[in-house]
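When you get a sec, could you give me coordinates for this:
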Amino acid sequence: MKMKWLVVIGLIVVAFSSGCTRSFDVAYQADAARLSNATELEKYSLGVAKFEDKRAWVEEGNVKSESFVALQGPWKFGMTYKETDYIPVKDLLQELLVQELTKAGFKAKALDKVLSKSNAQSIKELNKEQTSDYIIGGQLLSFEFVNETGFLTVTSRRNATLNLNLFDGKSSDVLIDTVINETDREGEGMGVMHSTNIEKLMNRVFKKVAQQVIQKTADKVSQSQAQK
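Model (predicted):
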């Protein structure tokens, strides 16, 4: 009997040390307004690469960790999108950026490549189908929510931070190298559901990030073409 209890305790310790996980559904509707110069922007192809995920809790070789957007005790929370559980954040953001950029008037397409200024020269290795006039990439620095517990109330903080790069698709020159940061913070009374935090992270915070990506990219593409 003593040995049986030791085994049970050992299993509990392993479970807590390895952590418990849960994936929450994400609902998102791209709704970027069409840019006033969209007709001009449509002349140029825009590749959207996957951002290099630099967040602290991402573990090399652990794909599930790339989905996490919050930690609480032994629990780690990820996201489910279009029936894909624990979708990597870099994959989800790529798909949504393509949707938003297309809505805004860009001829955008997803590239099956992780790209940032650290490997910009690899642009020259892209095959014919992936080659684009301009390419978006960068680093994912933060994408998370945190519940800050006070004496009687909870304050939720949701943050998304990207290091945005825009590359010339032919020369691989870096045209944009800037940090985009958006934070949403609000009191939630006695508590808030994790699903609510994820919904607000995506549909409040990320939408603001996407709008900045759209505007900065449009301005730089226009400037770049004017100088040619």
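
ok, and the residue nearest the centre of the chain, which helix or strand is that part of?
Nearest to the geometric centre of the chain sits L93, at 4.0 Å (C-alpha atoms, centre = their mean). Assigning secondary structure by DSSP states H and E places L93 in helix 89-104.

From the contact counts, what lies against whichever helix or strand comes after that helix?
Of the helices and strands lying after helix 89-104 in sequence (DSSP H and E), the nearest is strand 107-114. Under the contact criterion of 3 or more C-beta pairs under 8 Å, 6 or more residues apart in numbering; DSSP states H and E, strand 107-114 touches strand 45-50, helix 89-104. Just so you know, the C-beta spots here come from the backbone N, C-alpha and C atoms, and that holds for glycine as well.

Indicate which one of these is closest to A30.
helix 89-104 (3.7 Å; C-beta to C-beta).

which strands and helices sit next to the closest one?
Helix 89-104 packs on strand 45-50, strand 52-53, strand 107-114, strand 134-149, helix 207-226, going by 3+ C-beta pairs under 8 Å, 6+ apart.

Among those, single out whichever gets nearest to P88.
Short answer: strand 52-53, nearest of the helices and strands packed on helix 89-104 by C-beta to C-beta, at 7.2 Å.

Flag every buried residue along the following helix or strand past the closest one.
Scanning forward in sequence from strand 52-53 by DSSP H and E, the next helix or strand is strand 70-72. Across strand 70-72, burial judged by 16 or more other C-beta atoms under 10 Å covers A70.

same question, stretch 199-214
Taking 16+ other C-beta under 10 Å as the criterion, stretch 199-214 shows 199-202, 205-207, 209-211, 213-214 as buried.

for it, what is the average pLDDT?
In this model, stretch 199-214 has a mean pLDDT of 97.

which residues touch it?
Here stretch 199-214 makes contact (C-beta atoms under 8 Å, 6 or more residues apart in numbering) with 26-28, 31-32, 35, 69, 93, 96-97, 100-101, 104, 106, 136, 143-145, 156, 158-160, 162, 164, 180, 182-184.

would you list the helices and strands packed on strand 107-114 in CSV and tack on distance to S222 and mean pLDDT?
Formatted as CSV, those follow (distance: least, C-beta to C-beta, whole Å; pLDDT from 0 to 100):
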stretch, distance to S222, mean pLDDT
strand 45-50, 13, 97
helix 89-104, 13, 98
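
Of those, which is nearest C20?
Taking the helices and strands packed on strand 107-114 one by one with C-beta to C-beta, helix 89-104 is closest: 19.4 Å.

Could you check the angle the closest one makes with strand 45-50?
Interaxial angle of helix 89-104 relative to strand 45-50 (axes from the mean of the first three to the mean of the last three C-alpha atoms, to 10 degrees): 160 degrees.
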